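Student: Give me coordinates for this.
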Amino acid sequence: MHSDFFRVKGAHPVYAEIVRDAGDSLLMRILKYLEGDVYEEESWISRDLFETCMRTGYLSPAERPEIERLRA
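Tutor: As a prediction, the model looks like this:
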């Protein structure tokens, strides 16, 4: 299994965290850092989409402290 925390490729700091693994789908918490605020949302994605995002570099592993700094 992959790390539970990921950086989403893009201009703004966006992170994703696996909340629940349901086999063929994953519940992801998305953390968006925009204009000094952190926005959180949760969304289900298919395992196939997750694997594609990892393979193409859209998601890359990130350490927990990197995310925690955004919440501070």
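Student: partners of the most centrally placed residue in the chain in the sheet?
Tutor: Central residue of the chain (CA atoms, centre = their mean): residue 16, 1.1 Å from the mean position. Here residue 16 sits in beta bridges with residue 6, residue 30, as judged by DSSP bridges.
Student: surely it meets residue 27?
Tutor: No: with contact defined as CB atoms under 8 Å, residue 16 does not reach residue 27; the gap is 10.7 Å. C-beta: built from backbone N, CA, C; applies to glycine.
Student: before we move on, the earlier item: mind listing what the residue nearest to the centre of the chain touches?
Tutor: Applying CB atoms under 8 Å, 6 or more residues apart in numbering, we find residue 16 in contact with 5, 6, 8, 28, 29, 30, 31, 59.
Student: buried stuff in the longest helix anywhere in the chain?
Tutor: Longest helix of the chain, by residue count under DSSP state H: helix 47-56. Under the neighbour-count criterion of 16 or more other CB atoms under 10 Å, helix 47-56 has 50, 53 buried.
Student: Tell me which stretches of the chain form strands.
Tutor: Assigned by DSSP state E, the chain shows strands spanning 5-8, 14-21, 25-34, 37-46, 59-61.
Student: Quick check: mean pLDDT of the second one?
Tutor: It refers to strand 14-21. In this model, strand 14-21 carries a mean pLDDT of 93.
Student: okay, the contacts of residue 16 in TSV with pLDDT next?
Tutor: Converted to TSV, the contacts of residue 16 look like this (pLDDT from 0 to 100):
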residue	pLDDT
5	91
6	93
8	94
28	97
29	95
30	94
31	90
59	96
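Student: Out of those, which end up buried?
Tutor: Buried members of the contacts of residue 16, counted by 16+ other CB under 10 Å: 5, 6, 8, 28, 29, 30, 31, 59.
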